[in-house]
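Novice: Got a sequence here, can you model it:
(one chain, ligands or ions: 2)
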Amino acid sequence: MEDKKTLFSAVQPSGTPTIGNYVGAINNFVKLQDEYNCIYSIADLHCLTVKQDPQSLKKATYELMALYLACGIDPEKCIMFVQSHVPCHAELTWVLNTITYPGELGRMTQFKDKSRTHQDNVNMGLMDYPVLMASDILLYNTAVVPVGADQKQHIELTRDLALRFNNRFGETFTVPDGIFPKYGAKIMSLSDPTKKMSKSDENINAYVSMYDDTDTIIRKFKKAVTDSDNKIVFDPENKAGISNLLTIYSVFSGVSIEDAVKEFEGKGYGDFKLKVGEAVAEGIKPITNKRLEIIKDKAYLNSVMIKGAENAYRIANRTLRKVYKKVGLYKAEL
Ligand code: AMP
Ligand code: TRP
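Specialist: Numbers count the residues shown, from 1 in each chain. Ligands and ions are numbered 1, 2, ... in the order given. Predicted structure coming up:
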């Protein structure tokens, strides 16, 4: 346990998680749990940066923990907790804010995108989102952070802040590396394969939710936008739709992309889309069955959350005390 490197990642409990979250993040969380000391969080404080219905946020948090467990993250091997249950995250954010410049936050692509899509609510939290994320990561001496490609810029900022703090106050934080899946770091929308698949898309056919049933999943894949040249080859630049479907198929069926291309050689798009839909539905079904079982057991879910928060707090608080000491905050002792 001790000599393994620490890995940290999180997903926001907003809307329903998509197969993009699964392929880009959660599926890798499961695969990496033996190799690292893994800490997986549910980033509920991050959700507050856009308008949420309080009841839905609460429910989504509970359900995301059930999904983590149903996908195979093992609470005996990993620390699993809800971000707001460990106060150190908000506290470290305050300190890191004092070494972060508004210019570098204003430049973040996600901030610019969300400022456009949430024009009526461009709040300080939205801008500060990456600093909270840096705090999440830096509290745990994290060496690696598995995320999708959209988080690359935030990882860069985390590294910058860690180095800046260390330079100014002495060696404190481990400087983390992002790790990105070889395929599937960016699963694209089914209705517009030039856009990232996102759970906040207003078109429900653009994404497949991890909570969709078999019929819905197959229907959505049948409608997936592709192209008109009827060749099933992997070429993300020129054939974004088909390449996206091949990537999804590969992850859910366990077949390599090369083998999938061979398997579908000469087949029509209709056939292919149906097969992709079936593979995804088949992959999600056992997860759904388990998830619905776990969701019923509130005592178990709460106990996982409480134990996770206690273990996370122990590590996070140690780092936070060190930070407070380094920056010169007085500690009264008897
Ligand atoms: P979020 O839902 O924004 O909290 O994202 C949680 C994790 O899922 C992050 O690591 C994201 O990079 C990843 N993710 C979200 N959408 C996608 C996507 N379309 N393709 C691949 N990874 C994704
Ligand atoms: N910002 C991430 C996302 O939306 C979620 C997240 C919050 C995260 N804190 C993190 C990911 C720390 C990795 C590490 O995808």
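Novice: right, and the helix or strand after the stretch of helix or strand Gln153 belongs to?
Specialist: Assigned by DSSP states H and E, Gln153 belongs to helix 152-169. On the C-terminal side of helix 152-169, the closest following helix or strand by DSSP H and E is strand 177-179.
Novice: Show me what that next one pairs with in its sheet, parallel or antiparallel.
Specialist: strand 144-146 (parallel) (DSSP bridges).
Novice: touching ligand 2 at all, the partner strand?
Specialist: Yes - interface with ligand 2: strand 144-146 contributes Val145 (CB under 6 Å from any ligand atom). C-beta: built from backbone N, CA, C; applies to glycine.
Novice: right, is that strand up against ligand 1?
Specialist: No - counting by CB under 6 Å from any ligand atom, ligand 1 is not contacted by strand 144-146; separation bottoms out at 7.2 Å.
Novice: quick one: that strand to chain centroid distance?
Specialist: Relative to the chain's own centre, strand 144-146 is displaced by 11 Å; criterion: CA atoms, centre = their mean, to the nearest Å.
Novice: pLDDT averaged over the helix holding Gln153, what's the number?
Specialist: Per-residue pLDDT over helix 152-169 has a mean of 98.
Novice: Stretch 200-211 too?
Specialist: pLDDT averaged over stretch 200-211 gives 95.
Novice: One more: stretch 46-64?
Specialist: Regarding stretch 46-64, the rounded mean pLDDT is 97.
Novice: For it, buried residues please.
Specialist: 46-50, 52, 57, 60-64 (16 or more other CB atoms under 10 Å).
Novice: the domain parsing of the chain - what is it?
Specialist: As assigned by automatic domain parsing, the chain contains the domains 6-180+298-327, 204-292.
Novice: And these: which comes nearest Asp192?
Specialist: Closest to Asp192 of the domains of the chain is domain 204-292 (CB to CB; 6.5 Å).
Novice: quick one: is that closest one near ligand 1?
Specialist: No - Domain 204-292 stays clear of ligand 1 (CB under 6 Å from any ligand atom), getting no nearer than 8.0 Å.
Novice: This protein against ligand 2: which residues are in contact?
Specialist: Residues of the chain lying near ligand 2 (CB under 6 Å from any ligand atom): 8-12, 43, 46, 133, 136-137, 145, 147, 151.
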